[in-house]
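1. sequence below, structure please.
(2 chains, ligands or ions: 2)
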Amino acid sequence: MVKRDLVVVGGGPAGMAAVIAAHENGIRDILLIERDQYLGGLLNQCIHTGFGLDYFGELLTGPEYADRFIKKIRAIPDIEVSTRSFAVRLTGDRTLTYLKPGGIFTVRPKALIMATGCRERTREMIHIPGTRPAGIFSAGLAQRLINIEGLLPGKEAVIIGSGDIGLIMARRFILEGAKVKAIVEIQAKTRGLTRNVVQCVEDFGIPIYFNHKVLKIYGKNRVEKVTVAEVDEGMNEIAGTRTTIECDTVLVSVGLIPENELIEMAGVPIDKGMDSGIFVCGNSFKVYDYVDSVTSDSEKAGKLAAEYIKSAVS
Amino acid sequence: MIKKMTCIECPKGCTLSVDIENCKVAKVDGAKCPKGTAYAVSEAESPVRIFTATVMADGLNLKLVPVRTDKPIPKRDIFKAAEETGRMRIKAPLEAGDTIIENFLGLGVKLVATREATRLTGR
Ligand SMILES: Cc1cc2nc3c(=O)[nH]c(=O)nc-3n(C[C@H](O)[C@H](O)[C@H](O)COP(=O)(O)OP(=O)(O)OC[C@H]3O[C@@H](n4cnc5c(N)ncnc54)[C@H](O)[C@@H]3O)c2cc1C
Ligand code: SF4
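-> Ligands and ions are numbered 1, 2, ... in the order given. The predicted structure is shown next:
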């Protein structure tokens, strides 16, 4: 087993800010583990502008925001970056196992920072009945398919939920030549930023239905249609408001949940991790709206981990 | 005529009341900073947006290179811009910030890459 001063899991904005801060605070033996081929995390697929206004005082796209940190990390030889490395096991004494082409590796650092981001809530979590045809995607997956893989998931979409990812994907669908038939939001107002409603939905005249829910998804092999109805305050269908919308794609944008499987596996309560040298930052700690705050909070995590390492008797 | 709009210059999203007379802005209320006033004038008189998209890459480590305009372009040209980036191909390696087209669609803005793309070989 390899010993290290600091290991950080996750090379998104949180993990990148944490390694840089730890280095600035005197830590020299650092390993950053990322399962993807590249650093940047979610930012690589967020090609729209809206990042960096607080932290850099400039309006940047996701990849540009990430690029600034990637360049900084490259310039620090003390930080070893291991991409295509998937952390799969963690125990309470900070022993971390990860897979990487070529083998299985184990490392036990003096401090560990988990920055594994978040996961999207799925159709199953909001209980929409119907069949299970092809054509149902979480909005973030659709974003990855379009912006990274160059694949358009469908031609006529209905978007369930009005979180920012759904709003941003509505515009992306339209600019890629597809149609967005409706955005259906069960609440009375959007959960996303107003600016995204303006520049992603209103700009393109996309119908957005508040106080409405998708009742059922239909289709044998591929999505064929959904039924939609207005709901009352108890979220129950109001009689006589049911309509059908034909579509071949359903995007689900109903929120994010922190990704904390490994910490749960280690049996360390997330708020007590610091006592055992395990720190959590970024979206895996709580879901943030702005990456700028992810960066500043994760810098604090890097600094705290550095202090922990320096104070540890090892 | 008073028009309500939401400022999109920053995430605060101030609600602006814009007094428009003869297609010109006479007065703006509700902006928490000067950028809001400027936004209201531009939005009422000639709305503009930063354009972002992806361009297909050929022989590079990325399938798609994300791109943006360095300055906002008129809203009415957004679809034209999307068609243009849909037709383009990038073959040469790029750094984030590199200019791809100096005068994009003759609009006086640059089309720039927002992510590094390297040659496929020797990675
Ligand atoms: C569609 C969308 C739009 C957004 N728009 C904006 C915006 O306009 N402005 C703004 O400020 N913010 C925006 N955000 C939020 C911002 O992108 C996030 O807050 C930020 O990316 C979170 O950073 P993170 O490092 O915590 O997580 P992530 O970026 O998700 O990074 C986590 C990293 O950990 C890696 N990882 C996970 N598990 C493992 C494992 N077991 N082993 C190894 N590696 C692992 C992942 O591959 C990933 O690279 C948006 C987010 C989305 C999804
Ligand atoms: S007016 Fe200023 S503070 Fe308000 S949303 Fe616009 S830029 Fe932000």
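2. centroid-nearest residue for chain A?
-> Residue closest to the mean C-alpha point of chain A, counted by C-alpha atoms, centre = their mean, is A:C118 at 4.5 Å.
3. now it: how far from ligand 1?
-> 6 Å (C-beta to the nearest ligand atom, to the nearest Å). Bear in mind the C-beta positions are built from the backbone N, C-alpha and C, glycine included.
4. what sits against the residue nearest the centre of chain B?
-> For chain B, the residue nearest the mean C-alpha position is B:I50 (1.1 Å; C-alpha atoms, centre = their mean). Contacts for B:I50 (C-beta atoms under 8 Å, 6 or more residues apart in numbering or on different chains) come out as A:T49, A:L59, B:R68, B:T69, B:K71, B:P72, B:I73.
5. ok, now with 6 Å
-> Taking C-beta atoms under 6 Å, 6 or more residues apart in numbering or on different chains, we find B:I50 in contact with A:T49, B:T69, B:P72.
6. pLDDT value on it, please?
-> B:I50 carries a pLDDT value of 95.
7. now it: how far from ligand 1?
-> According to C-beta to the nearest ligand atom, B:I50 and ligand 1 sit 12 Å apart.
8. which of the contacts of B:I50 count as buried?
-> The neighbour count (16 or more other C-beta atoms under 10 Å in any protein chain shown) marks A:T49, B:T69 as buried among those.
9. sorry, back to before: does the residue nearest to the centre of chain A touch A:Y288 like I think?
-> No - using C-beta atoms under 6 Å, A:C118 is not in contact with A:Y288; the gap is 9.0 Å.
10. who touches both of those two?
-> Counting by C-beta under 6 Å, 6+ apart, A:C118 and A:Y288 have no contacts in common.
11. tell me the buried residues in the helix or strand hosting A:A111?
-> In this structure, A:A111 sits in strand A:103-114 according to DSSP states H and E. Using 16+ other C-beta under 10 Å as the test for burial, strand A:103-114 gives A:F105, A:V107, A:P109, A:K110, A:A111, A:L112, A:I113, A:M114.
12. and the stretch 1-150 of chain A, which of its residues are near ligand 1?
-> With C-beta under 6 Å from any ligand atom as the criterion, the stretch 1-150 of chain A meets ligand 1 at residues A:9-15, A:33-36, A:41-43, A:46, A:50-51, A:86-87, A:115-117, A:140, A:143.
13. next SSE after the host helix or strand of A:A142?
-> Using DSSP H and E, A:A142 sits in helix A:139-144. Next helix or strand after helix A:139-144 toward the C-terminus (DSSP H and E): strand A:156-160.
14. what lies in contact with that next one?
-> A:166, A:170, A:173, A:179-184, A:214, A:226, A:245, A:247-252.
15. that one pairs with which strands?
-> strand A:179-184 (parallel), strand A:249-252 (parallel) (DSSP bridges).
16. separation between the closest residue to ligand 1 within the stretch 151-300 of chain A and A:P63?
-> Across the stretch 151-300 of chain A, no residue is closer to ligand 1 than A:G282, which sits at 2.4 Å (C-beta to the nearest ligand atom). Computed as C-beta to C-beta, to the nearest Å, the A:G282 to A:P63 distance reads 17 Å.
17. so what's the residue in chain B that ligand 1 sits nearest to closest to, chain neighbours aside?
-> Chain B approaches ligand 1 most closely through B:P11 (7.3 Å), counting by C-beta to the nearest ligand atom. In space, and not counting its chain neighbours, B:P11 is closest to A:L193: 5.7 Å by C-beta to C-beta, 6 or more residues apart in numbering or on different chains.
18. anything in the top helix by length along chain B near chain A?
-> For chain B, the longest helix by residue count, based on DSSP state H, is helix B:34-45. No - remark: helix B:34-45 sits outside contact range of chain A, by C-beta under 6 Å from any C-beta of the partner chain, the gap being at least 9.1 Å.
19. report all helices and strands that that helix contacts.
-> Judged by 3 or more C-beta pairs under 6 Å, 6 or more residues apart in numbering or on different chains; DSSP states H and E, the packing partners of helix B:34-45 are strand B:15-21, strand B:24-29.
20. relative orientation of the longest one and helix B:34-45 in degrees?
-> Relative orientation of strand B:15-21 with respect to helix B:34-45: 50 degrees, computed using axes from the mean of the first three to the mean of the last three C-alpha atoms, to 10 degrees.
21. partner strands of strand B:15-21 and their direction?
-> By DSSP bridges, strand B:15-21 pairs with strand B:2-6 (antiparallel), strand B:24-29 (antiparallel).
22. so out of everything in chain B, what residue is nearest ligand 2?
-> Closest point on chain B to ligand 2, by C-beta to the nearest ligand atom, is B:G36, at 2.3 Å.
23. ditto for chain A
-> Residue nearest to ligand 2 within chain A: A:R195 (7.6 Å; C-beta to the nearest ligand atom).
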